[in-house]
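>>> pasting the structure only:
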């Protein structure tokens, strides 16, 4: 029982140190890459916005093929796109 | 016995840090903010997997520490110790660690979490109105100039004292580009890439400590041989600016995953061993025989260019005590990834108190050797020598000295360059924001903005005195911290909660920083008027200005002093205007209470 507890404590400690090292070393990169993705997604959705609304702005063949990939993200995208954002949001991208 | 070695103050410091975290921050956490594990945070409410997503507390703690640690906690304690003695520097670190530093970081995260993950700008807009937000934008541009100037100065002087550190930095940049390519283009797994990066960095340090230890970099011809009137020892860092700025401009232009983030990633493999080594070195100093070599107290106002202890001391040690940069990170990124409200204390307060430990370990290094050991007043190099003195007995004595010197110089330069590239990019994006769509949109162009972002700081670097630049930087940095503290105080006041724990430090920081900026502005204005303040001749604040004088004549010195005076006046006016807006904000909030 106490062996199990020791093992549990050791593995939680190991996980905590691992998480911390991940946070120090890699999380900033992940955050910045996700932000890059966010900006690309903005562009992507704006490109096919016309078809979503029923106005073919680009040749519909391409944008309609892209539409299924965009639809699952529209809700989150709307929130991101309309969120108040200024210069203090761009520290890491 | 104990108190004549770094062990004494390090022990006292660690006890106070523990008290600040386990007692004071816990009381504030429970009584003021009352975190609720069941309350959804913005990371859950707006989860999009891109900007808003929950992250475990240890990951977020590591991220927060990574993002707030830079050169400030390394240089500030030494500058303060050189000007006023180690005791005032130590007491300010203690005081700030207990009552101010973590208060800002923790409270900024909490405010942003309670305000739907908003960043500093939108928070300023909501609490104070549109004009303060515009003032904040202008202030941030000046802040970015000054922080870059201060860090470029330090890197230049450190490279000048330890040329091997330039080569280890170059290897760091190359290793970062390789790492970025392998991780994000070739999709290699993190483990082998990390090992490769660490090995490359070790090779860079070994090269810098041995065959390249005295080889100057390309661009050396710019200011060598020294112009007439400039002593060789003080023919300073200026030629190091050429390759350094080339690296920084590259960093600000490339996408972040190509250089900046991998460089940060690799540099932190130096940070952790450096802080551990310094702390252990300080804790075993009675056994290794390392004594405190810096005077306990040097006086209330050491030299005219530094100024009196109040306000100078409180802006000299920035990030190791309190820093406005932290509130930008806390509200801009961290608050959007907090999983549960109870994580905010370990993340915000915990990371800041670790940063205080970085400052304390740096003070131990600075205190381990006598003042100004390096000729020509290249004081940032003192940290490297002190750190080597403190830790070499642990690492094999004299034999390890050349490697430790380049290791600590590389640590210092790496900490500065990683943040400088981020700041360069931040400046470029902010310039695009400010000038985009205006008749001056050319200034927002990515190439022009990147170059300007380093040309203006170089004007500051050539301005002269290291202390003047550092105090200007510290003044703006701490003033930003004052803004953050008062925004939180105002929010708590509107909520009718106990706000004094943040309002009093906010008022203290505002008053202190405005006084410091005012003092430094008068120094530049007096130099502009031709006063001989530093004993080097009329208008000259530092030997570097002789280079300008010999190259373009006295008019160059006047122009640089005028530029610095104008920047100081602008910062003071913005700070004062913000103070007025805060007073109005509190009065308005008080009236709301009367009506209710």
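Good, I have the coordinates. As the structure is a prediction and not an experimental result, all values here were calculated from the model. Numbers count the residues shown, from 1 in each chain, chains lettered A, B, ... in the order given.
>>> Return the distance of stretch B:33-51 from the chain's centre.
29 Å (Cα atoms, centre = their mean, to the nearest Å).
>>> how long is it end to end?
From its first residue to its last, stretch B:33-51 covers 24 Å (Cα to Cα, to the nearest Å).
>>> is chain A contacted by that stretch?
Yes: contact between stretch B:33-51 and chain A, assessed by Cβ under 8 Å from any Cβ of the partner chain, occurs at B:46, B:47, B:48, B:49, B:50, B:51. The C-beta positions use only the backbone N, C-alpha and C, and glycine is treated the same way.
>>> Tell me how many other residues crowd residue 75.
If you meant another chain, say so; for now it's chain A. 10 (other Cβ atoms under 10 Å in any protein chain shown).
>>> oops, chain B please
Neighbours around residue B:75, by other Cβ under 10 Å: 34.
>>> Could you point out which of the residues of stretch B:33-51 next to chain A is nearest to chain A?
Nearest to chain A out of the residues of stretch B:33-51 next to chain A is residue B:48 (Cβ to the nearest Cβ; 3.6 Å).
>>> so when I look at that closest one, I'm seeing a helix, right?
No: the assignment for residue B:48, made by DSSP: H, G, I helix; E, B strand; the rest coil, is coil rather than a helix.
>>> does the residue of chain B found nearest chain A sit in a helix, a strand or a coil?
When distances are taken as Cβ to the nearest Cβ, chain B reaches nearest to chain A at residue B:62, 2.4 Å away. Look at residue B:62: counting by three-state DSSP, its state is helix.
>>> Which helix or strand contains the residue nearest to it when sequence neighbours are not counted?
Distances taken as Cβ to Cβ, 6 or more residues apart in numbering or on different chains place residue A:23 nearest to residue B:62, at 2.4 Å, with adjacent residues excluded. Under DSSP states H and E, the secondary-structure element containing residue A:23 is helix A:2-25.
>>> ok now the helix or strand that that helix is followed by, how far from the chain's centre?
Moving toward the C-terminus from helix A:2-25, the next helix or strand (DSSP H and E) is helix A:27-47. Relative to the chain's own centre, helix A:27-47 is displaced by 7 Å; criterion: Cα atoms, centre = their mean.
>>> need the residues of chain A near chain B, please.
Looking at chain B, the residues of chain A close enough under Cβ under 8 Å from any Cβ are A:15-17, A:19-29, A:31-38, A:41, A:76-77, A:79-80, A:83-93.
>>> Let's see that with 6 Å instead.
Counting by Cβ under 6 Å from any Cβ of the partner chain, chain A comes close to chain B at A:16, A:19-20, A:22-25, A:27-29, A:32-34, A:38, A:76, A:79-80, A:84, A:86-91, A:93.
>>> Need the three-state assignment for the closest residue to residue B:264 other than its chain neighbours.
Excluding the flanking residues, the one nearest residue B:264 by Cβ to Cβ, 6+ apart is residue B:418, at 4.7 Å. Secondary structure, three-state DSSP: residue B:418 is helix.
>>> which helices and strands sit right next to the lowest-mean-pLDDT helix or strand in chain B?
Lowest on mean pLDDT, DSSP states H and E among the helices and strands of chain B sits helix B:544-552, with a mean of 77. Taking 3 or more Cβ pairs under 6 Å, 6 or more residues apart in numbering or on different chains; DSSP states H and E as contact, the helices and strands that helix B:544-552 lies on are helix B:554-595.
>>> okay, the angle between the helix it packs on and helix B:544-552?
130 degrees (axes from the mean of the first three to the mean of the last three Cα atoms, to 10 degrees).
>>> Remind me which helix or strand residue B:212 belongs to.
Per DSSP H and E, there is no helix or strand for residue B:212.
>>> before we move on, what about the one 3 residues further on?
Counting by DSSP H and E, there is no helix or strand that carries residue B:215.
>>> count of neighbours near it?
Counted with other Cβ under 10 Å, residue B:215 comes out at 13.
>>> Per-residue pLDDT of the nearest residue in space to it that is not next to it in sequence, please?
Distance criterion Cβ to Cβ, 6+ apart; nearest residue to residue B:215, sequence neighbours excluded, is residue B:163 at 6.2 Å. pLDDT, residue B:163: 81.
>>> for residue B:399, same thing?
86.
>>> where does the chain have low pLDDT?
Unless you meant another one, I'm taking chain A. Scanning chain A for pLDDT under 70 picks out the ranges A:1-6, A:56-60, A:62, A:92-93.
>>> Actually, chain B is the one I wanted.
B:1, B:216-238, B:302-305, B:371-379, B:463-466, B:593-596.
>>> picking that back up, just the buried ones from the residues of chain A next to chain B?
A:19-20, A:22-25, A:27-29, A:32-34, A:38, A:76, A:80, A:86-91, A:93 (16 or more other Cβ atoms under 10 Å in any protein chain shown).
>>> Which positions in the stretch 351-500 of chain B make contact with chain A?
B:426, B:429, B:430, B:433.
>>> got the contact list for the closest residue to chain B within chain A?
The minimum distance from chain A to chain B, using Cβ to the nearest Cβ, falls at residue A:23 (2.4 Å). Shown in contact with residue A:23 (Cβ atoms under 6 Å, 6 or more residues apart in numbering or on different chains): B:59, B:62, B:63.
>>> any idea how far the first one lies from residue B:182?
Separation of residue B:59 from residue B:182 (Cβ to Cβ, to the nearest Å) stands at 22 Å.
>>> Could you report the neighbour count for residue 74?
Let's take chain A. Residue A:74: 14 neighbours (other Cβ under 10 Å).
>>> nope, chain B please
31.
>>> That one contacts residue B:363, correct?
No: in terms of Cβ atoms under 6 Å, residue B:74 does not count as a neighbour of residue B:363; the distance is 9.7 Å.
>>> what about residue B:542, is that helix, strand or coil?
coil.
>>> Would you check how far apart it and residue B:157 are?
11 Å.
>>> in stretch B:510-528, what counts as buried?
So, applying 16+ other Cβ under 10 Å, buried residues of stretch B:510-528: B:510, B:512-521, B:523-528.
>>> and the closest residue to residue B:343 other than its chain neighbours, how many neighbours?
Closest residue in space to residue B:343, ignoring its immediate chain neighbours: residue B:57 at 4.1 Å, by Cβ to Cβ, 6+ apart. Residues near residue B:57, counting by other Cβ under 10 Å, number 21.
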